[in-house]
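> no sequence on hand, only this structure:
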């Protein structure tokens, strides 16, 4: 490395690499390769899923904190093993994994012989404090996912580090973020595959940045452990990946309405005025979030007696007006001995807080000043913490917002400067019989806090689904919580960056995601806020939020024109709730993203590979938002097929580019031919009235879609109390045929009026009693 800017020349420590295969042994799932002192295991878990493990010492350690489905819980699948002088081939129904004998190296092929996820000449290696694998980047290959990332969609030629961090003031060049999800999808026009790097230690992907054509995955853990998932398209990869790491539950329906938040709505009076403004102005809203100022001196699980003297009555009154309340809970517990602060006293008494390797109680500084931190890696601590939420839910709190859980800690009191720190890397965490150091568990801290919260709420709330929101997390966080992208800024660049961030989260298995509408830090302009609300209508989590000392960011503060735009797009969100709620059901059952980059549905179209500024909400509705001030026209790419303008009904035949007219009041929206979208009447909150009428908007073409319904709040859907209705549309000569299948499931729906509109053709109405019918247009 050349010496520059005063830096001394460094010498890279050499890598030791795996030896030749000396012998193999087979079980019903795994082929063990003896490579001298080194061991290599390849496990076949599904026809398109392979687990690869390499241990430099020859020994593998099973980890209780693993987030993946255990190998033994996968059904046994048939595979064939063939040996030749040069290699060992493992063939499943979908792929071939070939292991060279000398030196041991892995190559993967689809059934047509096209390679993917293949090792480079330097294949697997280790050195002091690190283990790594090297993969060949194939021609025209592009890379997506990697969890929470700034910048554009495709991450080719970038370096991505997995280490949860309080990424305050992040920008397009920021590496470490609040979430650490070591999963990616590699896509080229012929095929796609995914890799999940199964390590909780610090890890990093170099996607051809240091050496073009070579992807390096490196961990500070003692072994190399990763899963290869073959597609051939992104949908199959994500389905298998979420089978491996878990899928989200269906949230309460109110949680997919509009949320309003600020740091802080600092008193009961302010919150009541806020709620009244929404209702007086007929702007729909379901949720009000309370930030840290609702607490007494920032002590978790307390209320300020001055600012919130009667929280139970406040929450009851808000409930009567159709609002749910979500309160923030941070992991830091105020260090306060002999002060009758029960949370601290019980935690110390039961030794629930993180200690250093020397046994000292670790402390750092967060909002309540000197604080200690629960060890969420221990099941008994998670149970204790989860049950503490009863003090909030008993007075009506409907959801919990977990913040500062990377963990974000300062070495000095806030306001005194100092460095951000985390627990000492040698601090022990986890149960006594399976201790690990913080170096291994750091990335899991936010995930385990979210798990404690979600499991606790399920116990302490009486049969109702809860809402959990977290800032930090790891692979599998979707099982427990929604995620927002942390402290963004009121800048056009952050608005532009929000959709590729959320799409890459969706491609990483985390579907219930959002960014702070209007930006958290700084002051939005009226134009920026209007454009952001249009984009926010697409976010799976639609929440407006802003920081202390910034201007107010409620929908009505920017003047009547912006207020009307906000009202129109929040109204549209509520009209689309039957469609969006069905997308959440699909995410919960198959892992399918709710918000999708165009490459998800058009993986063979190279034009979509870099297309970060258009997005699909579900399979049918495409948006092309505006991300710059003063812009009233923008280029829009329409992939192959028929497309209709949502606003005008104008028809286009893709693939083509068009110039879309986009005055401030309009976000360009398009629907695929054959698209079917359910539309509900506008409500001020989701349960304001029973859904006694429904409109099905159908665009001419061939298509199929299933509407999902349940009661929106209980767990009865897990016992089969749900309903689905399948709709199909197709041409028969000059006529458009709409077939509606008989409703399935045990959820009872009262007869209701349904209007079926075939856009540009006509409408028909009928009383929906669940029977099958066929409509001819």
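On my side now, so go ahead. Please read these numbers as outputs of a predicted model, since none were measured by experiment. Numbering: from 1, shown residues only.

> make it CA atoms for all contacts and neighbour counts henceforth
Noted.

> which element, helix or strand, includes residue 441?
helix 438-441 (DSSP states H and E).

> give me the distance from that helix to the chain's centre.
Put simply, helix 438-441 sits 23 Å off its chain's centre (C-alpha atoms, centre = their mean, to the nearest Å).

> equivalent analysis for stretch 357-370, please.
Its chain's C-alpha centre and that of stretch 357-370 lie 30 Å apart, by C-alpha atoms, centre = their mean.

> and that stretch, average pLDDT?
On average, the pLDDT along stretch 357-370 is 97.

> what about residue 209, neighbour count?
Number of residues near residue 209 (other C-alpha atoms under 10 Å) recorded here: 16.

> need the phi and psi values for the nearest residue to it once chain neighbours are set aside.
Distance criterion C-alpha to C-alpha, 6 or more residues apart in numbering; nearest residue to residue 209, sequence neighbours excluded, is residue 157 at 4.2 Å. Main-chain dihedrals, residue 157, degrees, to the nearest 10: phi 70, psi 20.

> you'd agree residue 157 is up against residue 213?
No: using C-alpha atoms under 8 Å, residue 157 makes no contact with residue 213, being 9.1 Å away.

> any idea which helix or strand comes after the helix or strand containing residue 391?
Assigned by DSSP H and E, residue 391 belongs to helix 390-393. On the C-terminal side of helix 390-393, the closest following helix or strand by DSSP H and E is strand 399-402.

> could you list the buried residues of that following strand?
For strand 399-402, a neighbour-count test (16 or more other C-alpha atoms under 10 Å) marks 399-402 as buried.

> list the strands paired with that strand, with their directions.
Its sheet considered, strand 399-402 pairs with strand 324-329 (parallel), strand 467-470 (parallel) by DSSP bridges.

> for the shortest one, give the mean pLDDT please.
For strand 467-470, the per-residue pLDDT values average out at 98.

> centre of the chain to it, how far?
12 Å.

> helix or strand next in line after that strand, which one?
As assigned by DSSP H and E, the chain's next helix or strand after strand 467-470 is strand 473-474.

> who are the packing partners of that following strand?
On a contact count with 3 or more C-alpha pairs under 8 Å, 6 or more residues apart in numbering; DSSP states H and E, strand 473-474 meets strand 179-180, helix 445-460.

> which strands or helices does the helix or strand following that strand pack on?
Where DSSP H and E defines the elements, the next helix or strand beyond strand 473-474 is strand 482-484. In terms of contacts (3+ C-alpha pairs under 8 Å, 6+ apart), strand 482-484 is packed against strand 467-470, strand 513-514.

> which residues of the stretch 651-777 of the chain fall in strands?
Using DSSP state E, counting those that start in this stretch, the strands of the stretch 651-777 of the chain run over 651-661, 669-672, 676-679, 693-698, 703-709, 723-732, 735-740, 752-758, 762-768, 773-776.

> just want the angle from the fourth one to strand 762-768.
Orientation note: strand 693-698 sits at an angle of 140 degrees relative to strand 762-768 (axes from the mean of the first three to the mean of the last three C-alpha atoms, to 10 degrees).

> next, the buried residues of strand 693-698.
694-698.

> hang on, the earlier thing: for the helix holding residue 441, packing partners?
strand 428-429.

> chain center to the strand it packs on, what's the gap?
Distance, centroid of strand 428-429 to centroid of chain: 27 Å (C-alpha atoms, centre = their mean).

> swap in stretch 677-693?
Relative to its chain's centre, stretch 677-693 lies at 27 Å (C-alpha atoms, centre = their mean).

> try stretch 290-298
Worked out by C-alpha atoms, centre = their mean, stretch 290-298 lies 27 Å from the chain centre.

> what's around residue 701, how many residues?
Neighbour tally, residue 701, other C-alpha under 10 Å: 20.

> ok, and the closest non-adjacent residue to it?
residue 674 (4.0 Å).

> tell me who's in contact with the one you found.
698-704, 729-730 (C-alpha atoms under 8 Å, 6 or more residues apart in numbering).

> for those, pick the one with the most neighbours.
Highest neighbour count within those: residue 699, with 29 neighbours (other C-alpha under 10 Å).

> surely residue 98 meets residue 86?
No: counting by C-alpha under 8 Å, residue 98 does not reach residue 86; the two are 10.0 Å apart.

> those two: who's more crowded?
Remark: of residue 98 and residue 86, residue 98 carries more neighbours, 22 against 13, as counted by other C-alpha under 10 Å.

> pretty sure that one is in a strand, no?
Yes: per DSSP: H, G, I helix; E, B strand; the rest coil, residue 98 lies within a strand segment.

> contacts only, for the residue nearest the centre of the chain.
For the chain, the residue nearest the mean C-alpha position is residue 510 (2.4 Å; C-alpha atoms, centre = their mean). Residue 510 sits next to 248, 476-478, 482-483, 593 when contact means C-alpha under 8 Å, 6+ apart.

> go again using 7 Å as the cut-off
By C-alpha atoms under 7 Å, 6 or more residues apart in numbering, residue 510 lies in contact with residue 478.

> try residue 423
With contacts defined as C-alpha under 7 Å, 6+ apart, residue 423 is in contact with residue 438.

> and it, how close does it get to residue 410?
According to C-alpha to C-alpha, to the nearest Å, residue 423 and residue 410 sit 11 Å apart.

> and residue 47, what does it touch?
Neighbours of residue 47 in contact, by C-alpha under 7 Å, 6+ apart: 77, 92-94.

> which of the residues you listed fall in strands?
Among the contacts of residue 47, no member is found in strands (DSSP state E).
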